[in-house]
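**Q** Next come a sequence and a model predicted from it.
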Amino acid sequence: MSSTSSRSGAVAVIGRPNVGKSTLVNALVGAKISITSNRPQTTRHRLLGIATFPRGQLQLVDTPGIHGEQGRRSGKAMNRMMNRAARGALEGVDVALLVIEAGRWDNEDGLAYDALHDAGLPVVLVVNQVDKQKDKTTLLPFITKVTEGREFAAVHPLSALKRSGLEQLVATLMDLVPEAEPMYGEDEITDKSQRFLAGELVREQLMRRLGEELPYSTTVEVEKFEEEPSPKTGVMYRIDAVIWVEREGQKAIVIGKGGERLRDIGKHARQQMERLFGAKVFLQTWVRVREGWSDDEAALRALGYHD
């Protein structure tokens, strides 16, 4: 890339929980670096996705959803920390993507817009999940209503899951970020370590395979991440992961009858790791109790959570 035409910049991906921010980041990066599930709070950490294109590079800051102050879990230390991480993601970025769900705008979408507008950033509205709209004729009136009285640099209806509408979005973002050399190499896709990503892939399975409330009382700590030579794949990984819960009763639920659920979680997490790392993985998992970890900022920091 020549210095005259190359563009590079940071893009904050903001929105309320569960609108498809992580799916969008994964689609733009072209690899699964951010875990997804149909539950709020799946993304708990600020994560950088690096997407390199012929015109330049976008550093996509995937954030926890901005939460309102209602609800049983809103006052917990983890929620406060996630909100600070989401708002902190606006520092030093060039553009913001406000991701919303097609056909739905509520108070939390308004909260997210206000945070971006107050930061003085160009805001691109991404109307995601248009593939789920049964009546397509309602989309234009919805967009007109949402944009009325609000300032957006551009509006892009798309489906991150189906990967439709992404090229137009990338073209808009490239026009909005400054002329600059890429900050990362073409083969880099995230600023997070493989160790971090391994823990997240275990947590993804907890979010997907446990009941309604339990996932919010679980987190994952990778105690061992060792690389060994392998004759077949060149390298293999030995990973030990601890699943932390808050009560003994929760431990029994995660393990399941005869250890069946824990084996299932481990199997699917290992498969995702092998796909992402391109290598054989030996994964061992344990479940341990740490009372009140999600409402204890010191415990959260010890477990790898940051503002």
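**A** Here it is on my side, so go on.
**Q** how far out from the middle of the chain is the longest helix seen in the chain?
**A** Taking DSSP state H as the criterion, the chain has its longest helix at helix 260-277. How far helix 260-277 lies from its chain's middle: 19 Å, per CA atoms, centre = their mean, to the nearest Å.
**Q** can you tell me the average pLDDT over that helix?
**A** Helix 260-277 carries an average pLDDT of 96.
**Q** Name the residues that touch the following helix or strand past it?
**A** Following helix 260-277 in sequence order, the next helix or strand is strand 280-289 (DSSP states H and E). With CB atoms under 8 Å, 6 or more residues apart in numbering as the test, strand 280-289 has contacts from 198, 202, 230, 232-233, 236-248, 250-251, 254-255, 262, 265-266, 269-270, 273-274. C-beta: built from backbone N, CA, C; applies to glycine.
**Q** Which ones among the residues you listed lie within strands?
**A** In this view, the contacts of strand 280-289 that belong to strands under DSSP state E are Ser230, Met236, Tyr237, Arg238, Ile239, Asp240, Ala241, Val242, Ile243, Trp244, Val245.
**Q** Let me have those residues in CSV, extended by pLDDT.
**A** Below are these laid out as CSV (pLDDT from 0 to 100):
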residue, pLDDT
Ser230, 86
Met236, 95
Tyr237, 97
Arg238, 97
Ile239, 98
Asp240, 97
Ala241, 96
Val242, 95
Ile243, 94
Trp244, 92
Val245, 91
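**Q** Going by distance to Thr63, which of those residues wins?
**A** Of all the ones in strands among the contacts of strand 280-289, Trp244 has the smallest distance to Thr63: 22.8 Å, by CB to CB.
**Q** Roughly how far does that closest one sit from Arg301?
**A** Noted for Trp244: a distance of 14 Å to Arg301, by CB to CB, to the nearest Å.
**Q** more crowded one of those two?
**A** Trp244 (21 against 13; other CB atoms under 10 Å).
**Q** Am I right that the more buried one is in contact with Trp293?
**A** Yes. Trp244 is within contact range of Trp293, at 5.9 Å (criterion: CB atoms under 8 Å).
**Q** Check which element follows the worst-scoring helix or strand of the chain on mean pLDDT along the chain.
**A** Using mean pLDDT, DSSP states H and E, the weakest-scoring helix or strand in the chain turns out to be helix 77-88, at a mean of 60. Sequence order places strand 95-101 as the next helix or strand after helix 77-88, per DSSP H and E.
**Q** helices and strands around that following strand, which ones?
**A** Applying 3 or more CB pairs under 8 Å, 6 or more residues apart in numbering; DSSP states H and E, we find strand 95-101 packed against strand 7-14, helix 21-29, helix 107-118, strand 123-128, helix 166-176.
**Q** any low-confidence regions in the stretch 101-250 of the chain?
**A** Within the stretch 101-250 of the chain, the segments meeting pLDDT under 70 span 211-213, 215.
**Q** returning to what we had before: just the buried subset of the ones in strands among the contacts of strand 280-289, please.
**A** Buried members of these, counted by 16 or more other CB atoms under 10 Å: Met236, Tyr237, Ile239, Asp240, Ala241, Val242, Ile243, Trp244, Val245.
**Q** Of those, just say which sits nearest to His117.
**A** Nearest to His117 among those, with distances taken as CB to CB, is Trp244, at 37.8 Å.
**Q** which residues does that closest one contact?
**A** Contact analysis of Trp244 by CB under 8 Å, 6+ apart lists Thr218, Thr219, Val220, Glu221, Val287, Arg288, Val289, Arg290, Trp293, Leu303.
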